[in-house]
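Peer 1: next one to model:
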Amino acid sequence: MSVDQVVAPEIAAVVEDWRAKGVRTVRFELPDMHGGSRSKLIPIDHVASYGEGGLNMYGGAAVLDTRSDVVPGTLYNEEVAYGDQLLRPDPATAAIVPWVSETARLICDAYWGDGRPLAASPRQVFGRVLERCHAHGFEPLVGIEPEFYLLDGETRQPLFDGHHIFNTVRNGWVPLIDRIIREAAAFGIDIITANCEYAGSQWEINFTPGAGMVGPDQVFTFRNAVKELAHLEGYVATFMSKPFSDAAGSGAHNHIGLIDRETGANAMAGDDPVTGLSDIGRHFVAGQLHYARSVYAILAPTLNCMKRRRTHTFSPTNIAWGTEDRSALVRIKGGSAASRHVENRAPTGMSNPYLVSAALLGAGLLGIERELKLPAAATPPAEDDPTLVQLPRTVDESLELLEADADIVELLGQEFVTAYTVMRRYELSRFADHVTDWERTEYLEIH
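Peer 2: Numbering: from 1, shown residues only. Predicted coordinates for the structure are as follows:
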């Protein structure tokens with residue numbers, strides 16, 4: 001059965017429901033390489049036909065760099081004569097946008113005209129790893145903890161200074177925070193906690209994990225919702241990993257659990273007295289540790305991400321695991337067997353939820369497939385142990401490690417690895433050519 005045969009009737013039913021609810025415009029959204037939303041607006045009368053035949057969009061949209069430069073060598077530009085892709089909407093993502101009048105959205109997957117997927121597009125990358133997980137009999141539960149800053153819309157500066165984590169007054173410093181919570185809930189995201197974070201004008205809002213594709217889809221949805229709502233109220237919301245040199249960085253800790261698809265039991269939970277993990281759970285953690293350096297280019301994708309990674313800031317610098325150690329790369333979480341899961345603390349605010357989830361779920365699955373042995377837990381705090389293997393220190397180093405690991409290239413796909421590394425190196429080359437304020441301050445007058 002073709003994609004058209006599966007999708008078209010479901011989209012038609014969605015469209016009829018939306019018509020009855022007064023929807024007039026629908027966003028067809030494509031997650032790009034950075035976790036951002038690229039979209040087209042479609043009048044409701046044309047949604048069903050595009051659901052059947054696909055919506056054309058420039059094929060290189062998913063592999064544009066952070067400045068939206070068209071990067072040569074990323075496989076979807078000059079190599080295909082800058083041709084179009086077709087966006088095929090996923091009916092499971094249908095939702096009415098609460099803060100925009102008469103508007104709904106659909107998240108899409110990208111295909112060429114002959115039906116081949118654009119294998120480097122982030123949702124496709126996670127989809128392949130998800131299929132691998134299903135083949136093992138597991139359904140992954142994925143949750144991510146996004147941290148972000150709210151800034152004055154004109155000055156781009158924080159709304160308040162100081163260290164006020166969990167401060168009750170600062171939690172709701174601006175009505176926008178309450179609006180984000182309400183609008184996210186109306187958009188289908190189950191918010192569970194919200195608080196101001198360590199730095200002034202920094203917040204963290206968490207929601208329940210999602211099964212399968214729902215996990216990264218709702219992180220993608222939340223992040224773009226926060227940015228749009230902030231814009232509507234005159235603020236700038238940024239998930240930039242380190243927007244200010246003298247303030248805390250923003251992380252996006254990744255949580256993954258494995259549920260047995262037949263029994264519904266937590267496949268990670270066991271009776272191990274130290275970890276509370278099953279053999280499956282221990283192999284999964286061992287896989288994340290073993291492949292940590294190889295996937296780090298995805299967890300900390302930019303130069304700015306590296307500036308978040310400092311000791312004694314709860315951002316991991318080496319490869320270790322623990323139970324309560326916030327300086328460790330991986331923590332075992334869950335107060336009960338039913339909630340046992342794994343937290344990876346390396347991903348930053350600028351990391352892509354689809355790619356991070358693909359890399360970390362995939363690394364864990366490789367650990368299961370190879371029955372990797374879990375080493376001893378680090379003596380806390382792990383970051384102070386000089387004998388532990390360090391995470392990559394530069395983006396260049398992490399890109400080389402990604403390309404050199406045959407297991408990870410096979411897992412994520414050569415097409416993705418090529419497109420991703422070429423695009424990231426192009427960004428690095430632009431930075432290398434840029435004259436910074438620091439250079440002018442340091443050299444201009446003296447020399």
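
Peer 1: so the chain: which segments form each domain?
Peer 2: 3-118, 128-412 (automatic domain parsing).

Peer 1: in JSON lines: the ones you listed, plus distance to residue 442 and mean neighbour count.
Peer 2: Where you see a C-beta, it was placed from the backbone N, CA and C, and this is true even at glycine. Listed next are those as JSON lines, based on distance: least, C-beta to C-beta, whole Å; neighbours: other C-beta atoms under 10 Å:
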{"stretch": "domain 3-118", "distance to residue 442": "25", "mean neighbour count": "18"}
{"stretch": "domain 128-412", "distance to residue 442": "15", "mean neighbour count": "19"}
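
Peer 1: which residues in the stretch 101-250 of the chain form helices?
Peer 2: Ranges of helices in the stretch 101-250 of the chain, per DSSP state H, counting those that start in this stretch, are 122-135, 168-171, 175-186, 214-232.

Peer 1: next, the angle helix 175-186 makes with the longest one.
Peer 2: Spelled out, that is helix 214-232. Comparing the axes of helix 214-232 and helix 175-186 via axes from the mean of the first three to the mean of the last three C-alpha atoms, to 10 degrees yields an angle of 140 degrees.

Peer 1: on that earlier part again, reformat the domains of the chain as TSV; add mean pLDDT and distance to residue 423.
Peer 2: Shown next, in TSV, are those (pLDDT from 0 to 100; distance: least, C-beta to C-beta, whole Å):
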stretch	mean pLDDT	distance to residue 423
domain 3-118	94	5
domain 128-412	96	10
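
Peer 1: of all the ones you listed, which one comes closest to residue 430?
Peer 2: In terms of C-beta to C-beta, the element of the domains of the chain nearest to residue 430 is domain 3-118, at 7.3 Å.

Peer 1: now the closest residue to residue 175 other than its chain neighbours: how far from residue 297?
Peer 2: Distances taken as C-beta to C-beta, 6 or more residues apart in numbering place residue 233 nearest to residue 175, at 8.0 Å, with adjacent residues excluded. Taking C-beta to C-beta, to the nearest Å as the measure, residue 233 falls 35 Å from residue 297.

Peer 1: swap in residue 83?
Peer 2: 28 Å.

Peer 1: how far does stretch 312-332 sit from its chain's centre?
Peer 2: Counting by C-alpha atoms, centre = their mean, to the nearest Å, stretch 312-332 is centred 19 Å from the centre of its parent chain.

Peer 1: do stretch 248-265 as well
Peer 2: 13 Å.

Peer 1: cool, stretch 98-105 as well?
Peer 2: Taking C-alpha atoms, centre = their mean, one finds stretch 98-105 lying 24 Å from the centre of the chain it belongs to.

Peer 1: also stretch 77-84?
Peer 2: The answer for stretch 77-84 is 27 Å, by C-alpha atoms, centre = their mean.

Peer 1: what about it, how long is it end to end?
Peer 2: 10 Å (C-alpha to C-alpha, to the nearest Å).

Peer 1: please report the distance of the residue nearest the centre of the chain from residue 143.
Peer 2: When C-alpha atoms, centre = their mean is applied to the chain, the residue found nearest the centroid is residue 353 (1.4 Å). Separation of residue 353 from residue 143 (C-beta to C-beta): 10 Å.

Peer 1: between these two, which contacts overlap?
Peer 2: residue 215 (C-beta atoms under 8 Å, 6 or more residues apart in numbering).

Peer 1: so residue 51 is in which element?
Peer 2: Element membership for residue 51, per DSSP states H and E: helix 44-53.

Peer 1: which helices and strands does the helix or strand just after that helix pack with?
Peer 2: As assigned by DSSP H and E, the chain's next helix or strand after helix 44-53 is strand 55-58. Applying 3 or more C-beta pairs under 8 Å, 6 or more residues apart in numbering; DSSP states H and E, one finds that strand 55-58 makes contact with strand 25-31, strand 37-43, strand 84-89.

Peer 1: for the chain, what's the longest strand?
Peer 2: In the chain, assigned by DSSP state E, the strand with the most residues is strand 138-152.

Peer 1: could you give the angle of that one to helix 122-135?
Peer 2: Counting by the same axes, to 10 degrees, strand 138-152 lies at 150 degrees to helix 122-135.

Peer 1: show me how far strand 138-152 is from its chain's centre.
Peer 2: Worked out by C-alpha atoms, centre = their mean, strand 138-152 lies 7 Å from the chain centre.

Peer 1: same check, this time on stretch 162-175
Peer 2: That offset, for stretch 162-175, works out to 26 Å (C-alpha atoms, centre = their mean).

Peer 1: gap between the two ends of it?
Peer 2: End-to-end distance of stretch 162-175 (C-alpha to C-alpha): 20 Å.

Peer 1: what helix or strand is residue 271 located in?
Peer 2: Here residue 271 is assigned to no helix or strand, by DSSP H and E.

Peer 1: check the gap between it and residue 278 for me.
Peer 2: Separation of residue 271 from residue 278 (C-beta to C-beta): 8 Å.

Peer 1: check for me that residue 254 belongs to a helix.
Peer 2: No - Residue 254: not assigned to a helix; according to DSSP: H, G, I helix; E, B strand; the rest coil it is strand.

Peer 1: show me what contacts the nearest residue to residue 295 once chain neighbours are set aside?
Peer 2: Spatial nearest neighbour of residue 295, excluding adjacent residues (C-beta to C-beta, 6+ apart): residue 359 at 3.9 Å. By C-beta under 8 Å, 6+ apart, the contact list for residue 359 reads 291, 295, 298, 299, 408, 412.

Peer 1: give me every residue that touches the first one.
Peer 2: Right, residue 291. 359, 363, 366, 367, 405, 407, 408.
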